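Chemist: this is a predicted model, with the sequence first.
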Amino acid sequence: MIDKILSKYPFPESVKLEIKEELEKLNLSADKIKALVDRCYKAYTQNLMEPEEAAGIVAAQSIGEPGTQMTMRTFHYAGVAELNVTLGLPRLIEILDARKTPSTPMMTIKLLPEYAKDREKAKEIANKIEATYLKDIAEIEADIKNMKIIIKPDRKMMDVKELKMDVLKKKIEKSLKVDVFEEDEKLIIQVEPSYKKLIDIFEKLKDLVVAGIKEIRRVIIRKEGDEYVLYTEGSNLKKVIKVPGVDFTRTLTNDVWEIYEVLGIEAARNAIIKEALETLEEQGLEVDPRHIMLVADVMTVDGELRQIGRHGVAGEKQSILARAAFEMTVNNLLEAAIKGEIDYLRGITENIIVGQPIKLGTGDIEVTYKFGGKR
Amino acid sequence: MKVRLQDHILVPKHEILSKDKAEELLKLLGITREQLPKIKTSDPIVKEIGAKPGDIVKITRKSLTAGESLFYRLVVD
């Protein structure tokens, strides 16, 4: 019955739930419920944002003021010890700038149930993901006299990483395009008599990734509740989700751009909101999610990630004066003059500059008189 | 096992709106198609649900404030 009455009102889902919960406790008659819901609806409409209100300005102030109290320091550790994560103001700027790669990319990888409970199995996956460099599992020597490079793999390390000699050989051959010979547990590369080439190959070998995902520099296993979770330094969502045993649906990265590319614009919007709120919360600042949601919406309306700033939202404003007032005044005016742009004075900034009433709040309401109307 | 990108916790539900429903929506909102927010054809989710340019995608978001909220995007190139 409560549901039936509530369904007639355009409440948001969460408000409906709240009212229903309270009503169930009271056990009232249908008429009383109706009267009560009606009162709720009145209160609800009164609390809605009014038309023509400057939502963006309110959002800017509400994020800006707590921003002044954030730390300027870049590094700080959070939650996971031994993992450096950018926090505070630098991180917030990074999110709103929609940087291609964050300064400290990080992933939180959740595992499928059959792997999440067992430490050994979690470790197995961690080994598969973590980048293994050739220099970590083998000794590399350059024999200058014979123009040879000798690679001596460490048996123990090879076993830990589950690598086989022939796999290693193929990997080196493929990525460096050289011929590799196997000789009693050693891999030998014969280089043409050129000292430069020898050094070149030697350097490349040192940084060769033989197993794992190149971008993932380190993996840390941590127990959370009753499951093991992997935290990584470095991020590559596209490759990690393809690793068997990884629970793709709950795996996250702090790289918003990567989320946009792999999961689309709506996921990117959610990621912006999540990251920004977490950054503010971590600093002990409380900002209403509505403000962040508005910012995230503005950044994603066009279907692509746009930063708040010169190269994004602010730089694409139609008005020349508004753009000039924001950043790079001379450049903007000069360019507009060369192109012969016209400013239609429709926005706020440009109307303030020329000294006209702005189209905001009551300023955007025009009174018309209907002649001969009834009194 | 093929991964369905829509199963990810960050991705809300995307649906293609039928022609009648789309017209109804535009009438209700009193706007033209072009005034809707956009979503690109290159978007992985658009590819997954097979939406074409000109379609309207209905997105059911989980909102922090409203519980659930509806959002519409026009598919563009």
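Modeler: Thanks, I have it.
Chemist: up against chain A, what does chain B have?
Modeler: B:3, B:5, B:7-12, B:14, B:37-40, B:43-46, B:59, B:61, B:63-69, B:73, B:76 (C-beta under 8 Å from any C-beta of the partner chain). All C-beta spots, glycine's among them, are computed from the backbone N, C-alpha and C.
Chemist: helices - which of those residues land there?
Modeler: B:44-46 (DSSP state H).
Chemist: list the beta-bridge partners for the residue sitting nearest the centre point of chain B.
Modeler: Nearest to the geometric centre of chain B sits B:V57, at 2.5 Å (C-alpha atoms, centre = their mean). B:V57 has the following beta-bridge partners by DSSP bridges: B:I16, B:R73.
Chemist: now for it: which residues touch it?
Modeler: B:14-17, B:39, B:46, B:49, B:51, B:72-75 (C-beta atoms under 8 Å, 6 or more residues apart in numbering or on different chains).
Chemist: how about the strands in the stretch 1-150 of chain A?
Modeler: A:75-77, A:84-86, A:106-109, A:132-133, A:138-143, A:148-153 (DSSP state E, counting those that start in this stretch).
Chemist: ugh, typo on my part, it should be chain B
Modeler: Here chain B has its strands, by DSSP state E, at B:13-16, B:38-40, B:56-63, B:67-76.
Chemist: what does the stretch 151-300 of chain A give?
Modeler: Using DSSP E, counting those that start in this stretch, strands in the stretch 151-300 of chain A cover A:180-183, A:186-190, A:209-211, A:218-224, A:227-233, A:252-253.
Chemist: wait, which of the ones you listed is closest to chain B?
Modeler: Ranking those by proximity to chain B (C-beta to the nearest C-beta) places strand A:252-253 first, at 7.3 Å.
Chemist: is that closest one positioned near chain B?
Modeler: Yes. Contact of strand A:252-253 with chain B (C-beta under 8 Å from any C-beta) involves A:L252.
Chemist: A:D154 and chain B: what is the separation?
Modeler: Distance check for A:D154 against chain B: by C-beta to the nearest C-beta, to the nearest Å, it reads 35 Å.
Chemist: one step back: closest to chain A among the contacts of B:V57?
Modeler: Closest to chain A, out of all of the contacts of B:V57 and judged by C-beta to the nearest C-beta, is B:I39, at 4.6 Å.
Chemist: check contacts around that closest one.
Modeler: So, once contact is read as C-beta under 8 Å, 6+ apart, B:I39 ends up touching A:264-266, A:303, B:46, B:51, B:57, B:73-76.
Chemist: cool, and A:L230?
Modeler: Applying C-beta under 8 Å, 6+ apart, the residues near A:L230 are A:107-111, A:122, A:125-126, A:129, A:219-222.
Chemist: can you list the contacts of B:V57 in CSV and add distance to A:T279 and pLDDT?
Modeler: Below are those laid out as CSV (distance: C-beta to C-beta, whole Å; pLDDT from 0 to 100):
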residue, distance to A:T279, pLDDT
B:H14, 28, 91
B:E15, 32, 90
B:I16, 35, 92
B:L17, 35, 90
B:I39, 27, 92
B:V46, 29, 90
B:I49, 32, 88
B:A51, 33, 86
B:Y72, 29, 93
B:R73, 27, 93
B:L74, 32, 93
B:V75, 32, 92
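Chemist: ok, and the most crowded of those?
Modeler: Neighbour counts for the contacts of B:V57 (other C-beta atoms under 10 Å in any protein chain shown) peak at B:I39, which has 28 neighbours.
Chemist: local confidence estimate at the closest residue to A:I151 other than its chain neighbours?
Modeler: Nearest residue to A:I151, sequence neighbours excluded (C-beta to C-beta, 6 or more residues apart in numbering or on different chains): A:L187, at 4.1 Å. Per-residue pLDDT puts A:L187 at 76.
Chemist: before we move on, the earlier item: which among the contacts of A:L230 end up buried?
Modeler: A:107-111, A:122, A:125-126, A:129, A:219 (16 or more other C-beta atoms under 10 Å in any protein chain shown).
Chemist: those residues: which two are farthest apart?
Modeler: Pairwise distances across the buried ones among the contacts of A:L230 peak at 14.5 Å for A:M107 and A:A122 (criterion: C-beta to C-beta).
Chemist: what about stretch A:45-65, distance to the chain center?
Modeler: Relative to its chain's centre, stretch A:45-65 lies at 25 Å (C-alpha atoms, centre = their mean, to the nearest Å).
Chemist: let me see the mean pLDDT of that stretch.
Modeler: The predicted confidence, averaged over stretch A:45-65, sits at 89.
Chemist: how far away is the residue nearest to the centre of chain B from B:V76?
Modeler: Separation of B:V57 from B:V76 (C-beta to C-beta, to the nearest Å): 11 Å.
Chemist: can you list the weak-confidence ranges in the chain?
Modeler: With no chain named, the answer covers chain A. For chain A, the stretches with pLDDT under 70 are A:71-82, A:373-375.
Chemist: think we crossed wires, I meant chain B
Modeler: B:1-2.
Chemist: buried set for the helix ranked longest in it?
Modeler: Using DSSP H to define each element, chain B has its longest helix at helix B:19-29. Neighbour counts over helix B:19-29 (16+ other C-beta under 10 Å) mark B:22, B:25-26 as buried.
Chemist: show me what contacts the residue of the stretch 51-200 of chain A found nearest chain B?
Modeler: Residue nearest to chain B within the stretch 51-200 of chain A: A:K110 (9.7 Å; C-beta to the nearest C-beta). Applying C-beta under 8 Å, 6+ apart, we find A:K110 in contact with A:116, A:227, A:229-230, A:246-247, A:250-251.
Chemist: could you tell me how many residues sit around A:G234?
Modeler: Neighbours of A:G234 using other C-beta under 10 Å come to 21.
Chemist: mind listing what it touches?
Modeler: Neighbours of A:G234 in contact, by C-beta under 8 Å, 6+ apart: A:105-107, A:131, A:215-218.
Chemist: roughly how far does it sit from chain B?
Modeler: The value you get for A:G234 to chain B, if C-beta to the nearest C-beta is used, is 20 Å.
Chemist: over to that residue: give its phi and psi.
Modeler: With angles defined as degrees, to the nearest 10, A:G234 sits at phi 90, psi 160.
Chemist: ok so, going back, ok, and the most crowded of the contacts of A:K110?
Modeler: For the contacts of A:K110, the largest number of neighbours (other C-beta under 10 Å) sits with A:L230, at 25 neighbours.
Chemist: what's the closest non-adjacent residue to A:L230?
Modeler: The nearest residue in space to A:L230 (C-beta to C-beta, 6+ apart) is A:I109, at 4.0 Å.
Chemist: go ahead and confirm that neighbour touches A:Y228.
Modeler: No. A:I109 lies out of contact with A:Y228 (C-beta atoms under 8 Å); the separation is 9.9 Å.
Chemist: distance between the ends of stretch A:178-195?
Modeler: 16 Å (C-alpha to C-alpha, to the nearest Å).
Chemist: hmm, I typed the wrong one, I wanted stretch B:52-60.
Modeler: Start-to-end, stretch B:52-60 (C-alpha to C-alpha) is 19 Å.
Chemist: what are the buried residues along it?
Modeler: B:55-59.
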